[in-house]
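Undergrad: Below are the sequence and a predicted model; questions follow.
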10 protein chains.
Amino acid sequence: MNRNDVTELIIETKVRKGITWAQVAERVGLSKEWVTAGCLGQMTFTAAQAGVVGEVFELPDEAVRWLQVVPYKGSLPTSVPTDPLIYRFHELVSVYGTTFKELIHEEFGDGIMSAIDFKMDLQREPDPKGDRVSITMSGKFLPYKTY
Amino acid sequence: MNRNDVTELIIETKVRKGITWAQVAERVGLSKEWVTAGCLGQMTFTAAQAGVVGEVFELPDEAVRWLQVVPYKGSLPTSVPTDPLIYRFHELVSVYGTTFKELIHEEFGDGIMSAIDFKMDLQREPDPKGDRVSITMSGKFLPYKTY
Amino acid sequence: MNRNDVTELIIETKVRKGITWAQVAERVGLSKEWVTAGCLGQMTFTAAQAGVVGEVFELPDEAVRWLQVVPYKGSLPTSVPTDPLIYRFHELVSVYGTTFKELIHEEFGDGIMSAIDFKMDLQREPDPKGDRVSITMSGKFLPYKTY
Amino acid sequence: MNRNDVTELIIETKVRKGITWAQVAERVGLSKEWVTAGCLGQMTFTAAQAGVVGEVFELPDEAVRWLQVVPYKGSLPTSVPTDPLIYRFHELVSVYGTTFKELIHEEFGDGIMSAIDFKMDLQREPDPKGDRVSITMSGKFLPYKTY
Amino acid sequence: MNRNDVTELIIETKVRKGITWAQVAERVGLSKEWVTAGCLGQMTFTAAQAGVVGEVFELPDEAVRWLQVVPYKGSLPTSVPTDPLIYRFHELVSVYGTTFKELIHEEFGDGIMSAIDFKMDLQREPDPKGDRVSITMSGKFLPYKTY
Amino acid sequence: MNRNDVTELIIETKVRKGITWAQVAERVGLSKEWVTAGCLGQMTFTAAQAGVVGEVFELPDEAVRWLQVVPYKGSLPTSVPTDPLIYRFHELVSVYGTTFKELIHEEFGDGIMSAIDFKMDLQREPDPKGDRVSITMSGKFLPYKTY
Amino acid sequence: MNRNDVTELIIETKVRKGITWAQVAERVGLSKEWVTAGCLGQMTFTAAQAGVVGEVFELPDEAVRWLQVVPYKGSLPTSVPTDPLIYRFHELVSVYGTTFKELIHEEFGDGIMSAIDFKMDLQREPDPKGDRVSITMSGKFLPYKTY
Amino acid sequence: MNRNDVTELIIETKVRKGITWAQVAERVGLSKEWVTAGCLGQMTFTAAQAGVVGEVFELPDEAVRWLQVVPYKGSLPTSVPTDPLIYRFHELVSVYGTTFKELIHEEFGDGIMSAIDFKMDLQREPDPKGDRVSITMSGKFLPYKTY
Amino acid sequence: MNRNDVTELIIETKVRKGITWAQVAERVGLSKEWVTAGCLGQMTFTAAQAGVVGEVFELPDEAVRWLQVVPYKGSLPTSVPTDPLIYRFHELVSVYGTTFKELIHEEFGDGIMSAIDFKMDLQREPDPKGDRVSITMSGKFLPYKTY
Amino acid sequence: MNRNDVTELIIETKVRKGITWAQVAERVGLSKEWVTAGCLGQMTFTAAQAGVVGEVFELPDEAVRWLQVVPYKGSLPTSVPTDPLIYRFHELVSVYGTTFKELIHEEFGDGIMSAIDFKMDLQREPDPKGDRVSITMSGKFLPYKTY
């Protein structure tokens, strides 16, 4: 058994039992964004959190242990994703990548927005012309320093 | 002359004259995110907007005409970006791509967040532990329909 | 079991029982284009539709549940397809890609033809010099807006 | 001078003089789809057609000769296009590729839809919920034969 | 079971029983080139032909049905083949590709040599300095037409 | 000046003066296949042959010297060619690659068909259903030997 | 002029005048590692630092301004470097990558070693069996946090 | 069983029994860096070392034999790693690659830092602003010689 | 069973029984270079040779038959090898590739060194400063001929 | 001017003046293999050697200085070379790569053959059946050591 097997077990049980990510997040007591990423093999659970996830998805003990091991991250099978929903995010990076770069440097100087000290929140934004997906990202600015 | 030449002209003048994107956006009367993307060859200006951009960057008439032509989009030289700031966004798509997918489908069903009917806002978020970059994205949800 | 397993089950049963896609579409009550794409793991069925597909292909319950889960889309093993029939479509995008772009922008301005709010119809077009494949595609135009 | 230079000349003059592809097609007396593809370096003009194109775009004699030489075809800089409009067509091939294959084989048997003995027509389709792009493609079916 | 499994079954039986492709072709009553390609999963057999192939290779009924389904074509694991014999053909396309293009266009105008309405014959050509492989290919010329 | 510059000079003059490859081959006294490949930068001319080519294309002395230098071979810009005519040959290698391998090994044992001790002849094959391109290739069989 | 042009100017002057990186670093008053990276287009100088670099390399004013603009980072022409010295570092990441991961996670938990809040020192380490290159890297550990 | 199977066995037992790499290294009597790399399939153990590793991880005899066979090295599934921790090292090579090259050549002349006659040490570096990862690498300089 | 399975069987038995390639070569009566390549799935054995190999590695009859079938050659999982020993040979081709080309053409004219009519010998070369690997390659020169 | 420009200057002069690599090597007083690699931008000359090369090829002073700067190595435009002569060496690595690995490890244990402490000699080997290319390579064995 490895971490990918655990992720597949979770997905299969989710489909079989009709569990939602929101329910899992509530049980774990954290955001749905972080908990979903963890269940999909991208984050590391504490023993207590892993225990809850194990209960929800009826996982064997070995799987619960794997949830506490830092995974090899990266959730996509190809570097340019083929799935249309995920591709749109790839396209935003392609089209707006240099814009992100220019505006962050203009505001903060040389450095990056951390993808580690990072959190995000995804919400439905009601709109009479068709509801919208609203995503708020917050990442610490990390400056390059001279030495 | 082509659109890339216009982008290079704009960048060269920006460096030479010390113009900020915020100043250009104010002159054009639109958000700094959209205006920067446009100046970097990713969006299409109206004649009036192009005229303003042309004045700010002292562009020749031919360049002003090019700003009104729909560009071939995509601002990055490689599909996996080497620049650390831009790579972090690529990494977010790689690590959180399946999470975006799961949560949007859980909330909305099958479909995508539009990268066309889309807007975003990038702000400095003051934080005693180190200021943060805050990005709010809003894209219309487009459902797949049966036919 | 995952969605790929369901697709393989469907294909194997189709070969074994000699079912046609047109028959499945008629049973589901939708176009043959959408139903085939769904059976090949590219679209999401409602519970009722999945039930019909499950009956036609004698699928187990778990497979019927998987048909209602949004799949990771993309039906081809390589980004440049090796199969001659599918490659011809790739070639059309390669040869006519900039023509699509120029003519749609000339008619509509900056934006795209949606691949989500999209439908298509594939027919045999009788011709004395050899019958032809006729494909009619219809996708909503989505304009880029300033903000 | 080579064919790419001619394409760039045409585009530059088009931007400078505000010519539309529809106007060029009318002057040449053929469809806007074929004429645009030809002007973008994907088709071969006869001497008479090349002469008309040369007049419209004020091309030098050498360029007019190049328009009559069969070009090295393929209009895109990368095999997976970064431009959002063109990418949507790539996505259609990725998502619907196996559907095209199944339905054409179901109707015609083993073979392909020709991308050479091929024509297409692109129109605006008015729609109260937002106008649509309508594309009709017609390609001769070419059967694989035993030998 | 899928078509690849059938190909592997055929190869394994061929090795075990010492069957030659020439023998299979004779039994089927077609050329060794087409029959070999079919057995390797690149062509589609009729029911009668599949029955013969099934007998020769002692295939189960399901495999015989798969031989009559149009396969996803492309017989090589990488786009640049590593096998020296096959690479030499790749090299011929790389070195002589533009020569093929120039000479066919010089003789026929714009268009292609069909790879579908195509046949070939491979023979040993005795030569005192060392026997040679002689391959004769014949493909219909398909002209691009204006529309 | 390098060999690519010489190839471009030759092509430009060919377009400007309307020279055919058949005429060049006749002047050089060799096959049109070899001479075209040489003019396209894939073969090496003797001093006498280079002199003739130089006269035909009005090349400067330096270019005539370059024609006698062994070129870095490979005539295509990408390993999977985008040009439809050349792609069909790539497709033949992809679809028939394993067939070439099986039949040559069945006839000759382990080894290859040489792409160096190789010649070919390309002809128009008249056919009432549409003329065909006929290509005859002949390459020496080179056996792998034990040692 | 762009930042690449500035890097080329610096290299050309360095070769012409025989300047060493150690000399430049001493003039700038920072480590040779950071200063070299900056001169090679990977770091951003302050106005004062850029002035010194400009004097050392006799740069025009425009180049001095470019040194103060955040560059698009990434110093290598291919993602797998061909240069033997640089490749050895790529190999270390390939061979020891999972070891870095295991040991950092064992010591610190889930997170990364920052490549931004990072410094390094490269020294000659005398050794009777042949001198050694000694590199000390220090990067802040950034933990993934739950949210 | 092959070496990859042995690596997976080791990882599974490590997770199940909660063993640390530091403990294994102590048992083997070598550095944690080398021992971890060996357990991950990148180094070759002597019979005695393999015996110890086999005891710690309760490996079968065949696995212990495999630990003494030189492995096919390279621990990452893609040449550009997706895992954020490992990617940061890839980024260091990308950003600082030319800096490594310049400074090593300035100090030593033409040659490389060996990745074979190499050792490294990874430590926690306490820091009030957040602890740091400290890595010291030492590789023999190997000069290119004339001949 | 296929040829890869046979190679894995051979390797597993080699590890289990501690057989050396030199011993196998002696038993077969050919060079260790050719025999090793054959056992690794790159060469074709005669019935007699295969019988010996089968005895040495205790292979089943089916495996012995596979050893006599021409394999699909190419022994590496990626076109740029990650294993340091094998990469050094890739690097030699990268660094010295154009040197091989220049010197062989200077001596022989246009043509290649055959990789088929080829043999090699690998020996330990004692050296007080550290023993060396000595490899002698001999390949027939094959000239390009005009036709 | 950069090192590539120097290489092109050398090649152009070599073609123009008909210089051979053997002549250059004799003038420099080193092997033709090393000197050719150096002239092709892969090795670093001393001041005295560079002076000789500069005289032979009538190089300007700046070029002579560049010959003394360590170049960014790697002489081929693609990682899989298209040139037939160079490809054969790539093929040898592909086919014999695992054989090199097995035999060197069998003789020396874990380690590599150095591509830095390396020399080679390329000779014509007369043979009544056709002369052969003989290449002798000698590289120091570098063992992996434990630490």
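TA: Here it is on my side, so go on. The structure presented is a predicted model; accordingly, all values stated were derived computationally and were not measured. Residues are numbered from 1 along each chain as shown, chains lettered A, B, ... in the order given.

Undergrad: Would you map out the domains in chain A?
TA: Per the record, chain A has its domains at A:3-66, A:84-143, by automatic domain parsing.

Undergrad: first vs last residue of the longest one, how far apart are they?
TA: Just to be clear, that refers to domain A:3-66. One end of domain A:3-66 to the other measures 6 Å (CA to CA, to the nearest Å).

Undergrad: try the last one
TA: Distance across domain A:84-143, first residue to last, is 34 Å (CA to CA).

Undergrad: Sort out which residues of the lengthiest strand in chain A are buried, please.
TA: Secondary structure of chain A per DSSP state E: the longest strand is strand A:111-125. With burial defined by 16 or more other CB atoms under 10 Å in any protein chain shown, the residues of strand A:111-125 counted as buried are A:111-120, A:122. All C-beta atoms are positioned from the backbone trio N, CA, C, and that covers glycine.

Undergrad: next SSE after that strand?
TA: Remark: after strand A:111-125, the chain's next helix or strand is strand A:132-143, criterion DSSP states H and E.

Undergrad: So for chain D, which of the domains of chain A sits nearest?
TA: Comparing the domains of chain A against chain D with CB to the nearest CB, the closest turns out to be domain A:84-143 (5.3 Å).

Undergrad: Which other helices and strands does the top helix by length along chain A contact?
TA: Criterion DSSP state H: the longest helix present in chain A is helix A:84-108. Judged by 3 or more CB pairs under 8 Å, 6 or more residues apart in numbering or on different chains; DSSP states H and E, helix A:84-108 is in contact with strand A:111-125, strand A:132-143, helix B:21-28, helix B:32-39, helix B:84-108, strand B:111-125, strand B:132-143, helix D:84-108.

Undergrad: Adding distance to G:Gln49 and mean pLDDT as columns, could you present the ones you listed in a markdown table?
TA: Shown next, in a markdown table, are the helices and strands packed on helix A:84-108 (distance: least, CB to CB, whole Å; pLDDT from 0 to 100):
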| stretch | distance to G:Gln49 | mean pLDDT |
| --- | --- | --- |
| strand A:111-125 | 17 | 98 |
| strand A:132-143 | 15 | 98 |
| helix B:21-28 | 24 | 98 |
| helix B:32-39 | 27 | 98 |
| helix B:84-108 | 20 | 98 |
| strand B:111-125 | 25 | 98 |
| strand B:132-143 | 25 | 98 |
| helix D:84-108 | 40 | 98 |
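
Undergrad: if we compare the ones you listed, which one ends up closest to C:Leu30?
TA: Of all the helices and strands packed on helix A:84-108, it is helix D:84-108 that lies closest to C:Leu30, at 13.0 Å by CB to CB.

Undergrad: Grab the nearest non-local neighbour of the residue nearest the centre of chain A.
TA: In chain A, the centroid-proximal residue (CA atoms, centre = their mean) is A:Ala37; its distance is 3.7 Å. The spatially closest residue to A:Ala37, leaving aside those adjacent along the chain, is B:Thr99, at 4.5 Å (CB to CB, 6 or more residues apart in numbering or on different chains).

Undergrad: gap between the one you found and chain G?
TA: Going from B:Thr99 to chain G by CB to the nearest CB, to the nearest Å gives 13 Å.

Undergrad: Confirm for me that that residue is in contact with A:Thr36.
TA: Yes - the pair B:Thr99 / A:Thr36 is scored as a contact, 4.7 Å apart, by CB atoms under 8 Å.

Undergrad: circling back to that earlier point, buried set for the longest helix of chain A?
TA: Neighbour-count burial for helix A:84-108 [16+ other CB under 10 Å]: A:84-105, A:107-108.

Undergrad: re the thing from before, the residue nearest to the centre of chain A is in contact with A:Thr44, isn't it?
TA: No - look at A:Ala37 against A:Thr44 with CB under 8 Å: they stay out of range, at 10.4 Å.

Undergrad: element containing the residue lying closest to A:Gly41 once chain neighbours are set aside, please.
TA: Leaving aside its sequence neighbours, A:Gly41 sits nearest to A:Thr7 (CB to CB, 6+ apart; 4.3 Å). In this assignment (DSSP H and E), A:Thr7 forms part of helix A:3-17.

Undergrad: Going by contacts, tell me the helices and strands next to that helix.
TA: Using 3+ CB pairs under 8 Å, 6+ apart, helix A:3-17 is in contact with helix A:61-66, helix C:61-66.

Undergrad: What does the pLDDT read for the residue nearest to A:Gly41?
TA: Looking at A:Thr7, its pLDDT reads 97.

Undergrad: Could you see whether chain B lies near stretch A:69-83?
TA: Yes - judged by CB under 8 Å from any CB of the partner chain, stretch A:69-83 and chain B are in contact via A:73-76, A:79-81, A:83.

Undergrad: what about that stretch, near chain E?
TA: No - taking CB under 8 Å from any CB as the criterion, stretch A:69-83 and chain E are apart, separated by no less than 15.1 Å.

Undergrad: Next, the buried residues of that stretch.
TA: Applying 16+ other CB under 10 Å to stretch A:69-83 flags A:69-76, A:80-83 as buried.

Undergrad: Nearest to chain J among these?
TA: Using CB to the nearest CB, the buried residues of stretch A:69-83 come closest to chain J at A:Val80, 19.5 Å.

Undergrad: Tell me who's in contact with that closest one.
TA: A:87, A:90, B:79, C:79, D:80 (CB atoms under 8 Å, 6 or more residues apart in numbering or on different chains).

Undergrad: Cool, thanks, talk later.
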